[in-house]
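how would this look folded up:
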Amino acid sequence: MAWNDKTGPWVLRDGRLITIMVLLSMVSFAQQEQKFINIVLTPRDWQDPTQADGFFCGTDKNIDAERLLAEFNTNFIFRLIDKTQDITPQYRSTVVDFMAFDKNEQPNYMLDQPSCTLEKVEPGLFTVFLAPATRQCNKLTFEDASKDKDGYHPLAVLASSDFTDIKKWFISNANTFAGLYGGIMPKACVAQAKMSNETAHSRKNELTGVFNFAFNEDRNIDTDIWKMCKTVDDTLYSITESSLFEVNADMSFKYDQHYTYEEDGHAKIEILRTTSTNKRALGFVTTDFPGSGGQCNPASDDDIVPLNNLVVFNGCEKETEVIVRVKTDDEIEEAECFYVHIRKVTEMQSHKRVKRGGKKGEKGKKGKNTNYDDQIQQEADKTIVQINPIRKIDIATLLRLRCKVDLKNDMFFLLCMELIDLGEEDLVASNDLARETLEEFLLDIKEDKDFNADSYMNAFKAGTLKGMETKIKMKVGKEKKARDVKARIDNQQDVLQQDMKSNLQYQIDKDSHAICVINYIQAKSVEKGSPDQSYKDTFLGDHFEDEDVKAMVQDGLRLGVQKNENQKQHGSNLIWRVIKLEMKKIFKKEQLDNDMVKLREPAKLEEHMKNGQINLKQQVDTQLKKTYKDDILDYEFAEIYEGGQMKMMISPFKHGQQEIVLKEEQKEEQKEEQKEEQKEEQKEEQKEEQKEEQKEE
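The predicted model follows:
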């Protein structure tokens, strides 16, 4: 018999120990006080296993010599998965009934109810655990478990709501579970936290890296209840003192700054380990928010799901990543920042722990400080994460589009380079001289064979591009006389590896006249919302010709120096994205399997295209219209075969349209400047006339 909700006392199931707690009430008539005496009866020569050398609650090296047992570390695991109090309803975790037994001890699967929210298979973190039959499965369950300190035992952690296997396993092991509840059949609950598939697998791996879950390892649950860690602190003590893990590993962030987009739904934080050992290394990662006045507005609990999680390095791993969930909404807002900290497990301790189970009169062995709840915020290794707001693709802002079809891993992809109008920027209007100087710079870049797509990054450093600086004489601001000023093209920021952006600005003196931001890492797919992994760690210049990239950047900078009536000058952004084409619609059904191998041969690809056996153009047409709507009214489909690739150039403007617009605007600008000069001359003449009149008077 073990712990029983009705009787209270617990007894080891094999009869080695019988513990009876007798409460005697002694009333002192003189003092009018009650005194309680605990009497513990033990067999002769019995030794408390919890006092044995090398005992740590929640562990059993005969079952797992490298991890803790999940069923005996309940409150620690619940602390990691409990998001029931999140301020944003859709990001809260929920707890519902999973399995219960009727009076005949027959199992009933509770999620078959029509009203259940877990009917469909969906990604997320799902933790199945045992609970006393009389207890509730709802948002108060975690609080109940913390108060009871017993009766709840995690069985499984899943990354989707596919419960087919766990149902079968639960029913086949049901009789074993009763051993934890004095022969009474328990119930099972499931805690659910909705999240993306990638984030769910990351959370699952973190948990299974530290805890051995009976279902995940296909083993029987351990029913030796005396191994139970009753509090979060007990588990933390076992982690730090049991030597199962490396808890003092040197960890650091790979980057001082990280960037993500709200539409991603998460931020990936790369962490490095410098020490070398075969043990799993553990640390903690926490989040908090900066004060005002930083590089961007401070984020809040409205923007992210706060993190207080373990970070796990398996074996000899030198690098891992932690995912912070970012909340998405439709609000228009500026970039926001939050901090992520790394702390050693031993740094999470803040009070002395006495080893439980000591004999009367024994002070007990002192452990290290182990209070998980009362964490002291210390200076620790940290990184700042910037959440960039959602930028929905506004097709009306598309200025240029150049695409090509790429064959990779036996799949067709549409790679598109886009020049987008960023809207109004804080730019100074340009005159003819400013525009002519920019054209000289652009011509030098175009003709320089050593200048490639990566050259705009300026060797990853902020500063003037090589050779892109000259002196010109012109009026600046409200000055009446022209003077010598510097004209240049600058990269305005250091290029970070995880961000890979160049912020090009055409400047005269201290004024910016044009902006073109270049994204070297692929943007999100219009259809799926995330980059295609087939092109991970590849950059803009790997897929598009230098001359094509130069042409896009030239047009992007030209946009800033154009004259716009009654509005500010506009900036531009050069991005590229990957769109997967549907293979079944490209090939005729009977040819799909037979021709896949042949695609690696450029000659075969060209032959299939010319013979009409591949409907590639039709599929490209469909995808372009689907992605870019009516902006693509007319485009050229140039079939150029190079190394198994077919390239094509697409432009939403007719050839030469922009050049015509620029010439017309230059003519209008010249007329306006001539009018202004005439006005200035008239004013000067009037002043001279007035002076002469005053002299005569």
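
all strands for the stretch 451-600 of the chain, in order.
With DSSP state E, counting those that start in this stretch as the criterion, the stretch 451-600 of the chain has strands at 463-474, 483-491, 501-508, 511-519, 570-580.

I'd like the ones you listed as TSV, with distance to T286 appended.
(Glycine included, C-beta is placed from N, CA and C.) Below are the strands of the stretch 451-600 of the chain laid out as TSV (distance: least, C-beta to C-beta, whole Å):
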stretch	distance to T286
strand 463-474	37
strand 483-491	35
strand 501-508	28
strand 511-519	31
strand 570-580	34
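
how close does N309 get to T199?
As judged by C-beta to C-beta, to the nearest Å, N309 and T199 stand 11 Å apart.

next one: Q492
For Q492 relative to T199 (C-beta to C-beta), the value is 33 Å.

same question for G179.
For G179, the distance to T199 (C-beta to C-beta) stands at 36 Å.

burial count for E347?
Applying other C-beta atoms under 10 Å, we find 18 residues neighbouring E347.

on the three-state scheme, it is what?
Recorded secondary structure, E347: helix (DSSP: H, G, I helix; E, B strand; the rest coil).

quick one: low-confidence parts of the stretch 251-400 of the chain?
Along the stretch 251-400 of the chain, segments meeting pLDDT under 70 span 293-295, 330, 332, 349-380, 389-397.

which parts of it are strands?
Under the criterion DSSP E, counting those that start in this stretch, the stretch 251-400 of the chain carries strands at the ranges 251-253, 257-261, 266-273, 281-288, 297-298, 308-313, 319-325, 336-344, 381-388, 398-408.

ok now the third one, how far from the chain's centre?
In terms of C-alpha atoms, centre = their mean, to the nearest Å, the gap separating the centre of strand 266-273 from the centre of its chain is 9 Å.

note down every partner strand of it and its orientation.
Sheet pairing for strand 266-273, assigned by DSSP bridges, gives strand 251-253 (antiparallel), strand 319-325 (antiparallel).

who's in contact with the longest one?
Among residues not part of strand 319-325, those counted as contacts by C-beta atoms under 8 Å, 6 or more residues apart in numbering are 91, 195, 198-199, 202-203, 254, 265-273, 285, 287, 304-305, 307, 309, 311-313, 338, 340, 385.

which stretches in the protein count as helices?
For the chain, the helices defined by DSSP state H occupy 74-81, 141-148, 164-172, 174-177, 197-210, 232-241, 432-447, 540-543, 546-561, 583-586, 592-595, 602-610, 616-628, 657-696.

least reliable of those helices going by mean pLDDT?
Among the helices of the chain, helix 592-595 has the lowest mean pLDDT, at a mean of 47.

picking that back up, any chance of the strands of the stretch 451-600 of the chain in CSV, plus mean neighbour count, distance to I184 and mean pLDDT?
Output for the strands of the stretch 451-600 of the chain, formatted as CSV (neighbours: other C-beta atoms under 10 Å; distance: least, C-beta to C-beta, whole Å; pLDDT from 0 to 100):
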stretch, mean neighbour count, distance to I184, mean pLDDT
strand 463-474, 14, 74, 90
strand 483-491, 17, 70, 90
strand 501-508, 22, 62, 91
strand 511-519, 22, 61, 92
strand 570-580, 22, 54, 88
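
from A281, how far off is the most centrally placed residue in the chain?
Per C-alpha atoms, centre = their mean, the C-alpha nearest to the average position across the chain is that of A267, at 2.2 Å. In this view, A267 and A281 are 22 Å apart by C-beta to C-beta.

and if you look at Y152?
According to C-beta to C-beta, Y152 and A281 sit 29 Å apart.

also T59?
18 Å.

likewise S430?
Counting by C-beta to C-beta - S430 and A281 are separated by 56 Å.

give me the more crowded residue out of these two.
The residue with more neighbours, out of S430 and A281, is A281; 25 against 22, by other C-beta under 10 Å.

hmm, the more buried one is touching T274, no?
No - between A281 and T274 there is no contact under C-beta atoms under 8 Å: 10.3 Å.

tell me, what's touching these two both at once?
Counting by C-beta under 8 Å, 6+ apart, the common neighbours of A281 and T274 are A249, M251.

which residues of the stretch 51-200 of the chain fall in strands?
Ranges of strands in the stretch 51-200 of the chain, per DSSP E, counting those that start in this stretch, are 68-69, 94-101, 107-109, 123-131, 153-160, 187-194.

Provide the strand pairings for the second one, with the direction of each partner.
What that stands for is strand 94-101. Strand 94-101 has the following sheet partners, assigned by DSSP bridges: strand 107-109 (antiparallel), strand 187-194 (antiparallel).

how about the fourth one?
Each strand that pairs with strand 123-131, with its direction, by DSSP bridges: strand 153-160 (antiparallel), strand 187-194 (antiparallel).

how about those in a markdown table, adding mean neighbour count, mean pLDDT and distance to L443?
Formatted as a markdown table, these follow (neighbours: other C-beta atoms under 10 Å; pLDDT from 0 to 100; distance: least, C-beta to C-beta, whole Å):
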| stretch | mean neighbour count | mean pLDDT | distance to L443 |
| --- | --- | --- | --- |
| strand 153-160 | 22 | 95 | 55 |
| strand 187-194 | 23 | 94 | 55 |
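
between those strands, which one is closest to E692.
strand 187-194 (84.2 Å; C-beta to C-beta).

the closest one vs helix 197-210, what angle?
Angle of strand 187-194 versus helix 197-210, following axes from the mean of the first three to the mean of the last three C-alpha atoms, to 10 degrees, is 130 degrees.

what's the neighbour count on K61?
12.

what does the one 10 residues further on give?
Residues lying near E71 (other C-beta under 10 Å) number 26.

cool, and S292?
Look at S292: counted by other C-beta under 10 Å, it has 6 neighbours.

now Y255
Residues near Y255, counting by other C-beta under 10 Å: 16.

same thing with E447?
Neighbour number of E447 under other C-beta under 10 Å is 9.

and it, what does it touch?
For E447, no contacting residues are found, by C-beta under 8 Å, 6+ apart.

so how far is G183 from it?
According to C-beta to C-beta, E447 and G183 sit 88 Å apart.

how far away is the residue nearest to N220 when sequence neighbours are not counted from I77?
Closest residue to N220 apart from its sequence neighbours, by C-beta to C-beta, 6 or more residues apart in numbering: T176 at 5.6 Å. For T176, the distance to I77 equals 20 Å [C-beta to C-beta].

which of those two has more residues huddled nearby?
Remark: of T176 and I77, I77 carries more neighbours, 26 against 13, as counted by other C-beta under 10 Å.

endpoints of stretch 159-170, how far apart?
Start-to-end span of stretch 159-170 (C-alpha to C-alpha, to the nearest Å) is 18 Å.

hang on, V553 packs against Y456?
Yes - between V553 and Y456 there is a contact under C-beta under 8 Å: 6.6 Å.
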